[in-house]
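Visitor: Sequence and predicted structure, then a few things I'm wondering about:
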Amino acid sequence: MEKTFLKISLLILITLNINLAKSQNNSDIGLFAGTSYYLGDINTSKQFNSPNYDIGIFYKKNYNARYSAKIIFNYTPISASDNTSKYIYQNIRSHNFSITIYELNLNGEFNFLPYSLGDDKHPFAPYVAAGIGGIYAQNSSKPIQIILPMGVGLKFNIGKKTGVGFEWGFRKTFTDYLDNLSGVDDQTISTGVKQYSYYHDNDWYSILGAFITYKIYGSGGECHAYDY
């Protein structure tokens, strides 16, 4: 199933790249690498707990110096274990999981400052991003899910057609099954230790990393109505 999801995701990326290239006036491609971690029943609040790696590729269409849209494919494992928790009830529950996520999403970006690759007047910009996407979570009991990605970042030029940046993003899911931990365990009820998991808290995961961007199509016909 994960191979099918991967093939479909790559096909969508290639198709969008071909179609958008015919009408675009300013488009980029890029690579992303960083770390990922999970937030859910096992890790309720600690940032960067049990970190794993993340790698991704993306295609971006820049509409002007403020707004752009980005298609992203990410590959990242996430995992966690009750045995590393400071809470006794988690040590007793002793649950752990390890899954691999294949993610495809569409993000819109807004730059707080005007920004264009290769433009000395606009060499950097902080930005926010948000969108919608889908994942295939290998080894999860409910593997196919919709997500809402959101994040903040900083990007800046290092050449006429090249830029780099950093982004910290969060993925809201609509499932409590990324960690395969949901509902109430009968044995836990009988011993009176604690509920097995939290009913209404869906799982999240987060990605922090760096990216490099290359301009594959030049400007020349850009709209500057929203530059300032």
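Guide: Yep, that arrived.

Visitor: and stretch 60-67, what's its mean pLDDT?
Guide: Averaged over stretch 60-67, pLDDT sits at 93.

Visitor: how far does that stretch sit from the chain's center?
Guide: Its chain's average C-alpha position is 20 Å from that of stretch 60-67, according to CA atoms, centre = their mean, to the nearest Å.

Visitor: Kindly report the same for stretch 29-45.
Guide: Using CA atoms, centre = their mean, the offset of stretch 29-45 from its chain centre is 8 Å.

Visitor: Flag every buried residue along it.
Guide: For stretch 29-45, a neighbour-count test (16 or more other CB atoms under 10 Å) marks 29-30, 32, 34, 36-43 as buried. Every residue, glycine included, has its C-beta placed from N, CA and C.

Visitor: just stretch 126-142 next, same as before
Guide: 127, 129, 131, 133-138, 140.

Visitor: follow-up on the earlier one: quick one: least confident of the buried residues of stretch 29-45?
Guide: Among those, pLDDT bottoms out at residue 41, giving 87.

Visitor: re earlier: which two among the buried residues of stretch 29-45 are spaced furthest apart?
Guide: Taking CB to CB, the two most distant members of the buried residues of stretch 29-45 are 29 and 41; they sit 37.5 Å apart.

Visitor: re earlier: tell me the one among the buried residues of stretch 126-142 nearest to residue 154.
Guide: residue 127 (7.4 Å).

Visitor: Please list all residues in contact with that closest one.
Guide: Neighbour list for residue 127: 109-112, 115, 152-155 [criterion: CB atoms under 8 Å, 6 or more residues apart in numbering].

Visitor: before we move on, the earlier item: so which of the buried residues of stretch 29-45 sit within strands?
Guide: 29-30, 32, 34, 36-39 (DSSP state E).

Visitor: quick one: which of the residues you listed is nearest residue 161?
Guide: After measuring these against residue 161 - CB to CB - the closest member comes out as residue 29, at 10.7 Å.

Visitor: Thought residue 61 was touching the closest one, still the case?
Guide: No - with contacts counted by CB atoms under 8 Å, residue 29 stays clear of residue 61, the gap being 10.9 Å.

Visitor: quick one on the thing from earlier: just flag the most distant two among the contacts of residue 127.
Guide: Farthest pair in the contacts of residue 127, by CB to CB: 115 and 152, 14.4 Å.

Visitor: Looking at the two, which one has more neighbours?
Guide: residue 115 (26 against 14; other CB atoms under 10 Å).

Visitor: Next, find the distance separating the more buried one from residue 209.
Guide: Going from residue 115 to residue 209 by CB to CB, to the nearest Å gives 19 Å.

Visitor: Right, I'll call it a day here.
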